[in-house]
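Novice: Provide a 3D model corresponding to the input given below.
(one chain, ligands or ions: 1)
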Amino acid sequence: MDSLDTDYLVIGAGAAGMAFADEILTNSDARIIMVDRRDKPGGHWNDAYPFVRLHQPSAFYGVNSRSLGDLTRDVSGPNKGLCSLASGTEVLAYFEQVMQQRLLASGRVRFFPMCDVTADDTFVSRLTGQRHHVNVRRRVVDSAYWTFDIPSTRKPKYQVAAGVKCIPPNLLPGVASQSDNFVVVGPGKTGIDTCLWLLSHGIDPARICWVMPRDAWFINRANIQPGDDFFLNFIEGLSRQFEAIGAAADVADLFARLEAVGELLRLDPKVSPSIYRCATVTGAELAELRRIGNVVRKGYLKSVERDRLVLDQGEVELKPDSLIIDCSASGISRRPQVPVWTGGRINIQMIRTCQPTFSAAFIGFIETAFADDTQKNALCLPVPNPILAIDWLRMLVVSGKNRMSWRGHANIEEWLVRSRLNVLFAAMARVKPDETEKLLAMKRFQDASMAGMAKIPGLLSA
Ligand SMILES: Cc1cc2nc3c(=O)[nH]c(=O)nc-3n(C[C@H](O)[C@H](O)[C@H](O)COP(=O)(O)OP(=O)(O)OC[C@H]3O[C@@H](n4cnc5c(N)ncnc54)[C@H](O)[C@@H]3O)c2cc1C
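Specialist: Predicted coordinates:
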């Protein structure tokens, strides 16, 4: 076993590990060893289906020091008029460049692909079995603490009878022409993308069956657009959210209000969503998805027999020559929140709602800017994982507490304004004294957020 020295040992070279490492390089002279069991940087994007895209704008995704795309707007398709969404291939190329041209080029980072970190101070090659011992001077950084399953890297949890065709979405473009009917299993972002892919290629919606154990609330992508042109739209959307909280009689009333003002969307106005996973859609995408009439809401799929689907709450006929497309991996970690700084470890988690790369970069900055772990943890409370609908509110309350705790720290405020991952603050800082409409919108947001934050504990306890 050889022995290596470093300041930080980063487990995982996905988006979170890279966003963290990038900030450490920017703000310190530290050395980093990054280890990933995959062959390339980019984490789960390496195993994504070929038609995957970001579901939030590229402009605020990735690492802080290098942009991914710009404010170019799509001119066609269901994202028309909104800022572009990088494809999976573009995301992977971006992370490859970040690794080569930023992290490795610094001379302070070493990357060990195809290796498993087996204990805090050891990693082992998956190919040769060679073991490396690491003397970590500062921290072991678990960027995979929040890691999750995607369909192509695990088997479905339901049984599939012999002779039934069941694939992950990765294989769909290659085999779609060989089936008469399609069963999409899973209500999340992957299921949505798969349905949209089929529809966009002219598949008659009557040939699609969508298995939806639980309906989700979706973020309206039109309201989270970066850039000065969308500034009013963005900040007024946030104000509407807090005003809905302020006016809500209870949680059910809150979601009704959020939908009424266009902040949250759902597939079927007659069905109450019970989950929230940060999935983000446009109105046009929703309109497409609503063309699918055969949505099966009978709980979780237990098995697929040759002629039927067996679900928790009943059975449904399986049309002849059906292709099952498994999109049922949860895509969200179920691990409990733990303090980010724990002993010698940093456990990367989200500290702002639905913003994983912002969160990892921010944690990297805080690691370099403050000395005391108690203070660092107080600035970076982990938000709950988005699972149930109520988590929309639970995440917001922790995000809000974090934001409040950052006030008064000039170095944090300065970082927030210059961070490309923190799209709204930079736009706020650019507002000029004569831009009355924008200033009024900022004041409205400030008032609404103060009142809304004060109301949340009451809503949650009820
Ligand atoms: C389809 C899809 C679309 C998404 N779109 C967006 C979006 O638009 N905007 C957004 O902000 N987020 C989006 N997300 C969320 C996305 O999950 C994050 O942006 C981010 O890519 C997650 O990166 P990660 O580094 O946390 O995890 P991962 O990508 O899972 O990376 C963790 C890495 O750690 C490695 N690893 C784990 N354990 C070990 C070990 N013991 N030893 C060695 N290596 C290890 C794994 O091999 C993996 O490569 C999307 C997610 C999905 C699934």
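
Novice: buried sites along stretch 363-375?
Specialist: Residues of stretch 363-375 classed as buried by neighbour count (16 or more other CB atoms under 10 Å): 363-370. All C-beta atoms are positioned from the backbone trio N, CA, C, and that covers glycine.

Novice: quick one: terminal-to-terminal distance for it?
Specialist: Start and end residues of stretch 363-375 are separated by 12 Å (CA to CA, to the nearest Å).

Novice: What's the local residue count around P169?
Specialist: Here the number of neighbours of P169 (other CB atoms under 10 Å) works out to 24.

Novice: Let me see the contact set for the closest residue to it other than its chain neighbours.
Specialist: Closest residue to P169 apart from its sequence neighbours, by CB to CB, 6 or more residues apart in numbering: Y49 at 3.9 Å. For Y49, the contact set (CB atoms under 8 Å, 6 or more residues apart in numbering) comprises 88, 151-152, 168-170, 172, 190, 193-194.

Novice: redo that, cut-off 7 Å
Specialist: If you count contacts by CB atoms under 7 Å, 6 or more residues apart in numbering, Y49 has them with 169-170, 172.

Novice: so of the buried residues of stretch 363-375, which ones are in helices?
Specialist: 363-369 (DSSP state H).

Novice: Go through the residues you listed and name the one nearest the ligand.
Specialist: Of all these, the ligand sits closest to I363, with 11.7 Å by CB to the nearest ligand atom.

Novice: Show the pLDDT at that closest one.
Specialist: As predicted, I363 sits at a pLDDT of 98.

Novice: ok, now V281?
Specialist: With respect to pLDDT, V281 scores 97.

Novice: Make sure it is actually in contact with A222.
Specialist: No: V281 sits out of contact with A222 when judged by CB atoms under 7 Å, with a separation of 9.6 Å.

Novice: Which one of the two is surrounded by more residues?
Specialist: When V281 is set against A222 and neighbours are counted by other CB under 10 Å, the residue ahead is V281, at 25 against 20.

Novice: how close does the more buried one get to V251?
Specialist: Plainly put, V281 is 22 Å away from V251 if you go by CB to CB, to the nearest Å.

Novice: Kindly report the same for S106.
Specialist: Distance, S106 to V251, by CB to CB: 48 Å.

Novice: circling back: could you dump the ones in helices among the buried residues of stretch 363-375 into CSV and include distance to the ligand?
Specialist: Output for those, formatted as CSV (distance: CB to the nearest ligand atom, whole Å):
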residue, distance to the ligand
I363, 12
G364, 13
F365, 17
I366, 17
E367, 16
T368, 20
A369, 22
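
Novice: Just the closest of those to A93, please.
Specialist: The closest of these to A93 turns out to be G364 (CB to CB; 22.6 Å).

Novice: interface residues of this structure facing the ligand?
Specialist: Residues of the chain lying close to the ligand by CB under 6 Å from any ligand atom are 11-12, 14-17, 35-38, 43-44, 48, 52, 54-56, 61, 116-117, 143-144, 146-147, 150, 189-190, 331, 355-357.

Novice: Would you mind checking those residues for buried ones?
Specialist: When these are checked for burial by 16+ other CB under 10 Å, the buried set is 11-12, 14-17, 35-38, 43-44, 48, 52, 54-56, 61, 117, 143-144, 146-147, 150, 189-190, 331, 355-357.

Novice: In strands, which of the residues you listed appear?
Specialist: Among these, the ones falling in strands (DSSP state E) are 11, 35, 117.

Novice: Show residues contacting stretch 102-122.
Specialist: Here stretch 102-122 makes contact (CB under 7 Å, 6+ apart) with 11, 13, 21-22, 25, 31-40, 65-66, 99, 123-127, 131-134, 136, 140.

Novice: circling back: may I ask which two of the buried residues of stretch 363-375 are separated the most?
Specialist: For the buried residues of stretch 363-375, the farthest-apart pair by CB to CB is G364 and F370; their separation is 11.9 Å.

Novice: for the nearest residue to G163 once chain neighbours are set aside, helix, strand, or coil?
Specialist: Closest residue to G163 apart from its sequence neighbours, by CB to CB, 6+ apart: R306 at 5.8 Å. With DSSP: H, G, I helix; E, B strand; the rest coil as the basis, R306 sits in coil.

Novice: What is the neighbour count of R306?
Specialist: By other CB under 10 Å, neighbour count at R306 equals 11.

Novice: tell me the contacts of it?
Specialist: 161, 163-164.

Novice: from the residues you listed, which has minimum pLDDT?
Specialist: G163 (93).

Novice: Counting neighbours, what do you get for that one?
Specialist: For G163, the neighbour count with other CB under 10 Å is 7.

Novice: Tell me how far it lies from E305.
Specialist: Following CB to CB, the distance that separates G163 from E305 is 10 Å.

Novice: where does the protein have low pLDDT?
Specialist: Low-confidence segments of the chain, defined by pLDDT under 70: 148.

Novice: one more time with 50
Specialist: Along the chain, no part satisfies pLDDT under 50.

Novice: List of residues touching the host helix or strand of D253?
Specialist: Using DSSP states H and E, the element containing D253 is helix 251-260. Under the criterion CB under 7 Å, 6+ apart, residues 217, 241, 244-245, 247-248, 264, 266, 389-390, 459 lie in contact with helix 251-260.

Novice: CA atoms of that helix as PDB?
Specialist: These are the backbone C-alpha positions of helix 251-260, laid out as PDB (Å, rounded to 0.1, in the frame of the first residue of the first chain):
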ATOM      1  CA  VAL A 251     -50.900  23.700   4.200                       C
ATOM      2  CA  ALA A 252     -53.600  22.600   1.700                       C
ATOM      3  CA  ASP A 253     -54.600  26.200   1.200                       C
ATOM      4  CA  LEU A 254     -51.000  27.100   0.700                       C
ATOM      5  CA  PHE A 255     -50.500  24.700  -2.100                       C
ATOM      6  CA  ALA A 256     -53.800  25.900  -3.700                       C
ATOM      7  CA  ARG A 257     -52.500  29.400  -3.600                       C
ATOM      8  CA  LEU A 258     -49.000  28.500  -4.900                       C
ATOM      9  CA  GLU A 259     -50.700  26.800  -7.900                       C
ATOM     10  CA  ALA A 260     -53.100  29.700  -8.400                       C
END
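
Novice: May I see the buried residues of it?
Specialist: 254-255, 257-259.

Novice: Pull up the distance across stretch 386-395, start to finish.
Specialist: 7 Å.

Novice: Identify the residue of the stretch 151-300 of the chain closest to the ligand, quick one.
Specialist: For the stretch 151-300 of the chain, CB to the nearest ligand atom, closest residue to the ligand: K189, 5.0 Å.
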